[in-house]
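In: Structure, please.
(one chain, ligands or ions: 2)
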Amino acid sequence: MNKIPILMDCDPGHDDAIAIILALSSEKLNVLGITTACGNQTIEKTTKNAQGICEFLGRRDVPVAKGRRAPLLTPVYTAGIAHGESGLDGPQLPEPAVPLQEESAVVFMARKLEESRKPVTLVPTGPLTNIAVLLLCYPHLIQKIDRIVLMGGSVVSGCSGRGASEFNIMVDPYAADIVFTSGIPIVMMGLDVTNFTTIGFDEKEKFRRAGRVGALVADLADYFGRGFEMVGWCGVPVHDACTIAYLIDPTLFTMREMNVRIDLSGEFTMGSTVGDSYGVEGHEANALVGLASDRERFVELLLGACAGYEKGEGCNE
Ligand code: RIB
Ligand code: CA
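Out: Ligands and ions are numbered 1, 2, ... in the order given. Got it, this is the predicted structure:
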């Protein structure tokens, strides 16, 4: 099968963990490596979590490289309130047996781009700091990037950051601006679609019955879903896994091309993603933006991935 080569850049993070589970299960994707960002927790914690997830999945073959410890210009801003002190509170993950890559995340990504015979898809699901530095330091490698399929922003619905902004973009808005003005094709899975691409509170039992990986997903949803259940939300948003699900089956999503710009100056809107949803402002479209999803089919895809681990799929061949 002609697999899509991808590099994941993430800040696990409960929903990042589910994105990794989905990515490593798919026959359609070749995960060249995982790099970590400072976002949901400090870089040390998100990195340990990424390693722990690969260890749990039996994927010691997947290289993990540590990213930058702070955003480009703004202070570190973590989300312990949502993901806990460890960044992945709730489930117990094994201690990683495989050491980190010696290279930093940016150097690792650059090497993987150089080595790849075909353009690589970058899949960032945390703040875009590492991606921005990669583009600034290795401009000649932009031609080796096929697309950037990211979780971040919101052009229609609410936010999960401060003011009107979504967390990933809000944490490092200057990095986001570098990415969105890079000219590289962007697929943006923002809160407009990810807030409603959920595991239902009553669906967690289905995952528990789907084996040990399914049980891990249920535990992740249990912890991450506490706040959403408290406010009466429709389910547990699996924000980050929308990027991977899109790569596996784009028909799961309703998308619209538009121009998206990052607000870098608003007192209450700093880090918001301003989308010209109807193309009235005359700016060139730079992103394909997710607006809706087939939630039921998304859940079926995720359940199938979990069950696949029981059959040895997704494990190191
Ligand atoms: O706003 C949701 C995003 O912020 C997700 O990537 C979640 O993991 C957090 O990083
Ligand atoms: Ca994330």
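In: Going by C-alpha atoms from here, please, whenever you check contacts or count neighbours.
Out: Fine.
In: Do a quick rundown of the helices in the stretch 101-250 of the chain.
Out: Taking DSSP state H, counting those that start in this stretch, the helices of the stretch 101-250 of the chain run over residues 105-115, 129-137, 167-171, 173-180, 191-194, 204-208, 211-224, 226-230, 241-248.
In: The fifth one - contacts with which helices or strands?
Out: Read it as helix 191-194. Applying 3 or more CA pairs under 8 Å, 6 or more residues apart in numbering; DSSP states H and E, one finds that helix 191-194 contacts strand 287-293.
In: can you rerun that using 10 Å?
Out: Judged by 3 or more CA pairs under 10 Å, 6 or more residues apart in numbering; DSSP states H and E, the packing partners of helix 191-194 are strand 145-151, strand 236-237, helix 241-248, strand 253-262, strand 287-293.
In: would a markdown table of these with mean pLDDT, mean neighbour count and distance to ligand 2 be doable?
Out: Shown next, in a markdown table, are these (pLDDT from 0 to 100; neighbours: other CA atoms under 10 Å; distance: least, CA to the ion, whole Å):
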| stretch | mean pLDDT | mean neighbour count | distance to ligand 2 |
| --- | --- | --- | --- |
| strand 145-151 | 99 | 23 | 7 |
| strand 236-237 | 98 | 25 | 12 |
| helix 241-248 | 99 | 23 | 9 |
| strand 253-262 | 97 | 21 | 19 |
| strand 287-293 | 98 | 23 | 17 |
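In: can you list the ones you listed in JSON lines and add distance to ligand 1?
Out: Shown next, in JSON lines, are the helices and strands packed on helix 191-194 (distance: least, CA to the nearest ligand atom, whole Å):
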{"stretch": "strand 145-151", "distance to ligand 1": "6"}
{"stretch": "strand 236-237", "distance to ligand 1": "9"}
{"stretch": "helix 241-248", "distance to ligand 1": "9"}
{"stretch": "strand 253-262", "distance to ligand 1": "15"}
{"stretch": "strand 287-293", "distance to ligand 1": "14"}
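In: Distance to residue 303 added to the ones you listed, as CSV?
Out: Output for those, formatted as CSV (distance: least, CA to CA, whole Å):
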stretch, distance to residue 303
strand 145-151, 21
strand 236-237, 15
helix 241-248, 12
strand 253-262, 18
strand 287-293, 16
